[in-house]
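Peer 1: no sequence for this one, just the structure:
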């Protein structure tokens, strides 16, 4: 039964992103809330797991995102190198 709930959650994420043009972060959040509620988790545990997952992701690749944004901004200011 849990596999069916996970499959519906993934379908919900894809459907919300493609058909409703919802931001991918919001559709991921909506999908995780759906799976959490339908699997029977209490709300405080759902929010704790979401917070732990996002926090763990940002600690591992957060600096890569920040440095990539900085390099992209610098390249945008400099302009094309070859014309």
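Peer 2: Sure, I can see it. Predicted model only: the values in this text are computed from it and were never measured.
Peer 1: CA atoms for contacts and neighbours, from now on please.
Peer 2: OK.
Peer 1: Okay, and the residue nearest the centre of the chain sits in which element?
Peer 2: Nearest to the geometric centre of the chain sits residue 25, at 4.2 Å (CA atoms, centre = their mean). Secondary structure from DSSP states H and E places residue 25 in helix 24-38.
Peer 1: mean confidence for the longest helix seen in the chain?
Peer 2: As assigned by DSSP state H, the longest helix anywhere in the chain is helix 43-78. In this model, helix 43-78 has a mean pLDDT of 92.
Peer 1: please renumber so the chain begins at 25
Peer 2: Sure, I'll start numbering at 25, so the last one becomes helix 67-102.
Peer 1: What is that helix packed up against?
Peer 2: helix 48-62 (3 or more CA pairs under 8 Å, 6 or more residues apart in numbering; DSSP states H and E).
Peer 1: The helix it packs on - contacts with which helices or strands?
Peer 2: By 3+ CA pairs under 8 Å, 6+ apart, helix 48-62 packs against helix 26-42, helix 67-102.
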